[in-house]
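> whatever this is, show me its structure:
(one chain, ligands or ions: 1)
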Amino acid sequence: MPPEPLRILAVSGSLRARSYTCMALEIAMRGAADAGAATEVYDLREHPLPFCDAREAEDTLPPEVHVLRAKALAAHGLLVGTPEYHGSYSGVIKNALDLLSFDELGGKMVGLVAVSGGASGASALSHLRLVMRAVHAWVVPQQVMVPYASKAFDEQGRARDPALEKRLLDLGREVVKFARIHAAAEPPPA
Ligand SMILES: Cc1cc2nc3c(=O)[nH]c(=O)nc-3n(C[C@H](O)[C@H](O)[C@H](O)COP(=O)(O)O)c2cc1C
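Next up, the predicted model:
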């Protein structure tokens, strides 16, 4: 039997209807699929999460949290996107990550995307990298900023600049490449 494909999960920290972050992640996920991964977007617009309140009675959390945890646990890698909000990542993505833990994120390969209205999403990317280190995830060195986001995509959600499209595709491929190396080095217990 052929080996199961690696699983890559995408989560976006924007709840906006025509979110550019979601568009960027869709392209990065195509790159991951090109590299042979099974891809899935967990869209927080369709599956709203409660605020993390660190409750002890986890069985009282709504199903969306358990589904996100199960999908993150099963994934070999994640593509995480955020809009730049006030010089950092969005509360939506931080809350989603706070609802996860070392159990789901530790040892996972991660690619980061930040989308900004202005010239730079660099702060959001750097801040997210710190968060990922704290949960022992592996963030690939490549990352993608989408500046001046309102001009970056066409009506179909395609990147107007082929160089941006390539960077996003490459990010998805890179996460799969390193997830594959990592999975080969640490096979699951028999
Ligand atoms: C609360 C808030 C704060 C923002 N702060 C910044 C910022 O600091 N720098 C910036 O370039 N754009 C900022 N923006 C603009 C967003 O980054 C931009 O609209 C982006 O496209 C949003 O991503 P989305 O399309 O995925 O929702 C802000 C937008 C909001 C709603």
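> which residue is nearest the centroid of the protein?
Centroid-nearest residue in the chain, with Cα atoms, centre = their mean: V80, separated by 1.8 Å.
> and the helix or strand that contains that one, average pLDDT?
Remark: V80 resides in strand 77-83, with elements defined by DSSP states H and E. Averaged across strand 77-83, the pLDDT comes to 98.
> so what touches the helix or strand just after it?
The C-terminal neighbour of strand 77-83 among helices and strands, as given by DSSP H and E, is helix 91-98. Outside helix 91-98, the residues within contact range by Cβ atoms under 8 Å, 6 or more residues apart in numbering are 11-15, 44, 49, 51-52, 68, 80-82, 85, 105, 128, 131, 135. (Each C-beta comes from the backbone N, C-alpha and C, glycine too.)
> can you tell if helix 91-98 touches the ligand?
No. Taking Cβ under 6 Å from any ligand atom as the criterion, helix 91-98 and the ligand are apart, separated by no less than 8.9 Å.
> what segments of this structure are helices?
20-34, 63-74, 91-98, 102-105, 122-134, 162-185 (DSSP state H).
> so who does the residue nearest to the centre of the chain touch?
By Cβ under 8 Å, 6+ apart, the contact set of V80 is 10-11, 13, 93, 97, 110-113, 128, 132.
> try V135
V135 sits next to 97, 100-102, 105-106 when contact means Cβ under 8 Å, 6+ apart.
> as JSON lines, these with neighbour count would be great.
Putting these into JSON lines (neighbours: other Cβ atoms under 10 Å) gives the following:
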{"residue": "L97", "neighbour count": "25"}
{"residue": "L100", "neighbour count": "21"}
{"residue": "S101", "neighbour count": "13"}
{"residue": "F102", "neighbour count": "11"}
{"residue": "L105", "neighbour count": "22"}
{"residue": "G106", "neighbour count": "12"}
